[in-house]
Structures are given as C-alpha cells and as structure tokens.
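Colleague: sequence first, then the predicted structure, then my questions.
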Amino acid sequence: MFGILLLSHAATAFATTALREGSFSSSALQATAQISADILSIAQSIPEPFGVRASERMMEIEEEIQEIIRLAQSPIPSPTADSVALLRTVVNHQQALYEMLMLVSEQRRLNNQLPILIPCDGRYSSPFGMRVHPIKGVEKMHTGIDIAAPHGTEIFSANGGVVTFAGWRNGYGNTVEIDHGFGYVTRYAHASKLLAAAGDTVTRGALIARVGATGSATGAHLHYEIFVDGEQVDPAVFLLYREPVVEPTRLVALK
C-alpha cells in the first residue's frame with residue numbers, strides 16, 4: 001500500500017509539473033496511463049496498508065487535488081485539451097485510491113472484530129454438523145462445537161463486543177451472547193456461573209463465565225456457537241483463521 005501511495009504521489013506531481021509548464025503530450029498521457037495501471041496492479045496484490053494511516057493520506061490527496069485544480073484554472077498557461085483530460089484522469093485515480101483505502105480500513109476493522117480466540121481450554125468433544133443427539137438419541141444438527149473441560153473452567157470472550165444476553169435459555173442452560181459488530185455474534189452455553197451481564201462491554205479474552213453442565217448436557221463442557229448475519233456457522237473456521245502475511249512492495253518515489 002505504501003508503494004501505491006508513492007505511485008499516486010508521483011502521478012500527481014507529474015501532472016502538476018506538466019500543467020505549470022504547459023507541456024502535455026501523448027507521451028505524457030501514456031506515462032500517466034502506465035502509472036494508473038501500476039496502481040491498479042499493486043492494489044490487487046496488497047490487501048493491507050503498510051505504515052500509512054488512511055486518514056492522513058486522504059488529507060494529503062485532497063490538498064494535491066485542490067492544487068491541480070487551481071493550476072488548471074490558472075489563466076497562464078491556458079489549459080489545453082490534453083491537460084484537462086490528464087487532470088480528470090489524475091482526479092479519478094485519486095478518488096479510486098480514496099475509496100480503496102476506505103474499504104481496506106473497513107476490512108481491517110472487521111478483521112479486528114472476528115471471534116478468533118479459543119474461548120476455553122479443554123478437549124474438543126463434538127464438532128459442528130449432523131450428529132446423534134446424546135440425550136434424545138436422534139440425528140440432529142449440532143449448531144456449534146463442544147469443548148469438554150472440568151467444572152468451573154474459565155470461559156473467555158472470543159473478541160471484544162457488547163453482551164446482548166446473559167441468563168437462562170432452554171436447552172442451553174446458563175448462556176452468554178456477545179455482539180461483536182459486523183454481523184458477528186457468539187454464544188457460550190451450559191455455564192455453571194455467569195460473570196457478565198447484558199449491556200456489558202467486554203474486551204477480547206475477558207472472563208465471562210465458567211464451564212458447567214446446565215441445560216441439556218451430559219457432562220461439564222462449553223457449547224460454543226458463532227452467528228454470521230443471524231446464521232449459525234462452524235466456529236472451527238474462525239478458530240483456525242489467521243491474517244495473511246504479506247511482504248510490502250518496495251518502490252522508489254519519483255521526484
């Protein structure tokens with residue numbers, strides 16, 4: 001992403017210099033088009049920004065765009081058809097860069113809220129999916145994963161969020177539910193003791209309950225569920241989640 005910003009700055013500086021000198025040509029337009037292609041190529045290969053805060057860069061981009069506009073509107077030299085076309089190209093690229101950085105920023109916020117912390121130490125005793133219910137003896141969908149652990153074992157929040165429910169649910173027994181934002185909700189069931197209350201704001205790893213066997217349970221364990229936009233999904237997908245390691249692209253800024 002740092003490389004993208006360098007290329008973007010190079011495109012802006014190139015356009016500004018050309019406007020001052022009144023020397024736009026087909027070769028100048030081709031060079032700018034190449035810079036545009038490079039920006040798009042790098043944008044597709046680097047999912048996260050490196051060392052640059054999007055908000056600060058947006059202020060710089062806005063100042064650069066305003067400077068180009070002022071130069072383009074200056075009576076000396078008069079803008080040519082090529083200069084106006086290049087101005088529009090640069091402004092369009094800057095707008096695209098702004099939107100891309102905002103999307104990356106939003107994606108990073110989402111990543112930071114994903115429920116990826118293992119909520120309890122123990123043994124995985126039952127996965128997500130169809131199974132024979134241990135009490136009813138019939139095949140039934142198991143909407144979470146079970147982690148067998150001694151009575152009283154600590155249960156932690158898989159990420160920061162707001163506790164939306166803490167109490168008794170039929171079948172689940174003592175239960176805590178946390179809204180992490182972006183449509184992600186986690187549920188922690190069969191607890192022996194609840195240590196969080198509805199309305200509490202918790203951080204990642206906060207102690208929220210202790211393992212028990214309340215509700216429909218044959219032994220002490222944590223039943224753990226994850227909802228995405230209201231739909232129960234396999235928590236194992238999130239427990240295995242890791243952000244990709246991406247090496248930054250090294251580019252030299254053009255003066």
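Modeller: Yes, it's here. Everything numeric in this text was worked out from a predicted model, so none of it was measured.

Colleague: what about Asp179, neighbour count?
Modeller: Counted with other C-beta atoms under 10 Å, residues neighbouring Asp179 total 16. Backbone N, C-alpha and C define where each C-beta goes, glycine included.

Colleague: any idea which helix or strand carries it?
Modeller: Using DSSP states H and E, Asp179 falls within strand 173-181.

Colleague: helices or strands up against that strand?
Modeller: Applying 3 or more C-beta pairs under 8 Å, 6 or more residues apart in numbering; DSSP states H and E, one finds that strand 173-181 makes contact with strand 161-169, strand 184-194, strand 207-211.

Colleague: can you redo the ones you listed as TSV with distance to Ile147?
Modeller: Below are the helices and strands packed on strand 173-181 laid out as TSV (distance: least, C-beta to C-beta, whole Å):
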stretch	distance to Ile147
strand 161-169	18
strand 184-194	10
strand 207-211	8
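
Colleague: to Ile155, which of the ones you listed lies closest?
Modeller: Nearest to Ile155, of all the helices and strands packed on strand 173-181, is strand 207-211, at 4.2 Å by C-beta to C-beta.

Colleague: the closest one: which residues count as buried?
Modeller: If you call a residue buried by 16 or more other C-beta atoms under 10 Å, then strand 207-211 has these buried ones: Ile208, Ala209, Arg210, Val211.

Colleague: just the residues you listed now: which is nearest Asp121?
Modeller: Nearest to Asp121, judged by C-beta to C-beta, of the buried residues of strand 207-211 is Val211 at 9.4 Å.

Colleague: my read is that the closest one contacts His151, right?
Modeller: Yes. Between Val211 and His151 there is a contact at 6.2 Å, judged by C-beta atoms under 8 Å.

Colleague: can you check which residues contact both of the two?
Modeller: Jointly contacting Val211 and His151 under the rule C-beta atoms under 8 Å, 6 or more residues apart in numbering are Ser192, Ala220.

Colleague: for Ala96, phi and psi?
Modeller: When read as degrees, to the nearest 10, the backbone of Ala96 gives phi -60, psi -40.

Colleague: confidence score at it?
Modeller: You'll see Ala96 listed with a pLDDT of 72.

Colleague: tally of neighbours for it?
Modeller: A count of nearby residues for Ala96, using other C-beta under 10 Å, gives 15.

Colleague: for it, give me its contacts.
Modeller: With contact set as C-beta under 8 Å, 6+ apart, Ala96 has no partners.

Colleague: and it, how far from Thr143?
Modeller: Distance of Ala96 to Thr143, computed by C-beta to C-beta, to the nearest Å: 42 Å.

Colleague: who's in contact with the strand holding Asp179?
Modeller: Residues from elsewhere that reach strand 173-181 (C-beta under 8 Å, 6+ apart): 113-115, 155, 157-169, 185-194, 196, 202, 208-209, 212-217.

Colleague: are any of those residues buried, and which?
Modeller: Those of those that meet the buried threshold are 113-115, 155, 157-161, 163, 165-166, 185-192, 194, 196, 202, 208-209, 212, 214-217, by 16+ other C-beta under 10 Å.

Colleague: what's the closest of the helices and strands packed on strand 173-181 to Asp121?
Modeller: Distance to Asp121, taken as C-beta to C-beta, is lowest for strand 207-211 among the helices and strands packed on strand 173-181, at 9.4 Å.
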